[in-house]
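Q: Any chance you could fold what I've pasted below:
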Amino acid sequence: MTDTATPGSGPPTCPVSRPFDPLHDPYLTDPTPYFDEYLRSRPVFFDPALNYWVISRHADVKRVLREYSSFTAAITLNPLEPPCPAAVEVLNEGGFRPVPTMTNTDPPQHTRTRRIANLGFTARRVAALEGFIRDLVTGYIDRLEDIPERRADLYRALNYELPARVVFRILGVPDEDIAEVKKGSESRLLFTFGRSSEAEQIDIAAGNARFWRYTEQLAEDRRANPRDDFTSDLVHATDDDGLPLSQQEVSTILFGLLLAGHETTTNLLTSSVRRLLEFGLWPSLVDDPGLVPAAVEETLRFDSPVIGWRRRTTEPVELSGVGIPADADLLVLIGAANRDPEVFDDPGRFDIHRSNARDNLSFGSGPHHCIGAPLARLEARVALEELTRRLPGLELDGEPRYTYLPNIAFRGPQQLPVRW
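A: Next comes the predicted model:
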């Protein structure tokens, strides 16, 4: 029997026991009890506050991410709440004019830009970065070992900057811009996937416009002075018809990579170290570095760095027996799907020997699967290999209280106090 929404009854809504409020505590700090309840008793429901259908089961989430003919990616980057008129005016006056490219288009348009963007993340280019990444990590650990107190916030001391420096190397962006880009990334994240006051929206809009001009200038420079970097490849590449990407397409891709290209990896690095220390598994990796890739994969499953993503139905569909109309907005809970007991035995256990941990959906599925996934895995592997080798006695410093950026998409602790 299909659990469908009828005009008289309205759509199925969230269980009263755990109302869905993804931007505030207690969900923000620990969504696991919510995931467990939704998976068990209401895998598909409509949240009237967000005006989204919320999807949690692994099979449903995977289907939504893969079947672009029924679930379009067009709304993926829409602000969760429409920006205020003053912020829109700032964006327009600043020349901010992104166009749909990879993340928020479907094939065949998606295929055109995706094929070109893949040039920056080929297996050869990613593998060639391992030595550079290892040198970076070594430098960060050297600085840690110089701290007399032998304690630090590892989030700030390593995890915050490392992924940005790697992406900047790929794009050809100078290191001195790291602080500005990271700060701007957090603001853009909240602008798109969270809620901001009108004053904050105006400030973020001004930052977006400045950064948009930065990407335009970077692209213009590489057209005139090509180098061995992804931005040069991007501005000189052509599609299957021999046509180059437009300036708007190039800037949109660069703008997106300078957000998603490092925030996800920062989350993965921080959660990996946190859980390994929390569950007493650090010595296992010290003794057997061969366990590091499995630990990375289990972290992706257990603490997804991307907790939710969005789609819109193009036709009436049914998920877990619930009918959903056309033109409905969906929020797929990737974090919940990664803990679905139908797929993962004892999903609440952090198990670095789990045989199917790679079935996690943290990097998506189907044509929109994250192009940076191999790079994120490489960075996490190298960081854990060097940290366990150089700091075998690493442990959490006290009983940390973790905070998270209030948004529906990206999730990772904003601090990681450790001692050694």
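Q: Could you measure from residue 291 over to residue 391?
A: 16 Å (CB to CB, to the nearest Å). For glycine as for every other residue, the C-beta is placed from the backbone atoms N, C-alpha and C.
Q: And for residue 282?
A: Counting by CB to CB - residue 282 and residue 391 are separated by 9 Å.
Q: do the same with residue 52
A: 42 Å.
Q: higher neighbour count, the two?
A: residue 52 (24 against 20; other CB atoms under 10 Å).
Q: Now the residue lying closest to that one once chain neighbours are set aside: phi and psi?
A: If the residues on either side of it in the chain are set aside, residue 52 comes closest to residue 331, at 4.4 Å by CB to CB, 6 or more residues apart in numbering. Dihedral pair for residue 331: phi -120, psi 110, per degrees, to the nearest 10.
Q: mind checking the longest helix of the protein?
A: The helix that spans the most residues within the chain, counting by DSSP state H, is helix 247-278.
Q: mind listing what's buried in the following helix or strand past that helix?
A: The C-terminal neighbour of helix 247-278 among helices and strands, as given by DSSP states H and E, is helix 282-287. For helix 282-287, burial by neighbour count (16 or more other CB atoms under 10 Å) applies to 282, 284, 285, 286.
Q: elements contacting the helix or strand just after helix 282-287?
A: Sequence order places helix 292-302 as the next helix or strand after helix 282-287, per DSSP H and E. Here helix 292-302 touches helix 247-278, helix 373-390, going by 3 or more CB pairs under 8 Å, 6 or more residues apart in numbering; DSSP states H and E.
Q: so the longest one versus helix 373-390, what angle?
A: For helix 247-278 and helix 373-390, the angle between their directions (axes from the mean of the first three to the mean of the last three CA atoms, to 10 degrees) works out to 30 degrees.
Q: other SSEs contacting helix 247-278?
A: By 3+ CB pairs under 8 Å, 6+ apart, helix 247-278 packs against helix 109-117, helix 162-171, helix 178-193, helix 198-224, helix 230-236, helix 292-302, helix 373-390, strand 395-396.
Q: residues touching the closest residue to residue 374 other than its chain neighbours, list them.
A: Leaving out its chain neighbours, the residue that sits closest to residue 374 by CB to CB, 6+ apart is residue 126, at 5.1 Å. Contact analysis of residue 126 by CB atoms under 8 Å, 6 or more residues apart in numbering lists 374, 375, 378.
Q: let's go with 10 Å and repeat that
A: By CB atoms under 10 Å, 6 or more residues apart in numbering, residue 126 lies in contact with 120, 133, 166, 170, 372, 373, 374, 375, 376, 377, 378, 379.
Q: Among the residues you listed, which has the minimum pLDDT value?
A: Among the contacts of residue 126, residue 120 carries the weakest pLDDT, at 85.
Q: and that one, that one's in a helix?
A: Yes. Membership of residue 120 in a helix is supported by DSSP: H, G, I helix; E, B strand; the rest coil.
Q: Could you pull up the contacting residues of residue 64?
A: Per CB under 10 Å, 6+ apart, neighbours of residue 64: 53, 55, 70-71, 309-311, 313, 317, 319, 330-332, 337, 365-366.
Q: so what pLDDT did residue 175 get?
A: 80.
Q: burial count for it?
A: Residue 175, neighbours per other CB under 10 Å, totals 11.
Q: do you know how far it is from residue 189?
A: 22 Å.
Q: With residue 318 instead?
A: Distance, residue 318 to residue 189, by CB to CB: 33 Å.
Q: Name the residue in the two with the higher neighbour count.
A: Shown here are residue 318 and residue 189; by other CB under 10 Å, residue 189 has more neighbours (19 against 13).
Q: Surely the residue nearest to residue 52 touches residue 408?
A: Yes. Residue 331 lies in contact with residue 408 (CB atoms under 10 Å); the separation is 6.3 Å.
Q: Return every residue with contacts to both of the two.
A: Common neighbours of residue 331 and residue 408 (CB under 10 Å, 6+ apart) are 22, 50, 52, 80, 307, 308, 309, 310.
Q: and the nearest residue in space to residue 248 that is not next to it in sequence, what does it touch?
A: For residue 248, ignoring the flanking residues on the chain, the nearest one in space by CB to CB, 6+ apart is residue 99 at 4.6 Å. Contact analysis of residue 99 by CB under 10 Å, 6+ apart lists 105, 113, 245, 246, 247, 248, 249, 251, 252, 253.
Q: do residue 166 as well
A: 126, 129, 132-133, 136, 261-262, 265, 372, 375-376, 378-379, 382.
Q: Counting neighbours, which of the contacts of residue 64 comes out on top?
A: Neighbour-wise, those (other CB under 10 Å) top out at residue 337, 32 neighbours.
Q: re the thing from before, give me the beta-bridge partners of the residue nearest to residue 52?
A: Residue 331 forms beta bridges with residue 54, residue 310, as assigned by DSSP bridges.
Q: Contact partners for it?
A: With CB under 10 Å, 6+ apart, residue 331 has these contacts: 20, 22, 47, 50, 52-56, 64, 80, 307-311, 408-409.
Q: same check, this time on residue 277
A: Residues near residue 277 by CB under 10 Å, 6+ apart: 154, 394, 395, 396, 397, 400, 416, 418.
Q: All set, thanks.
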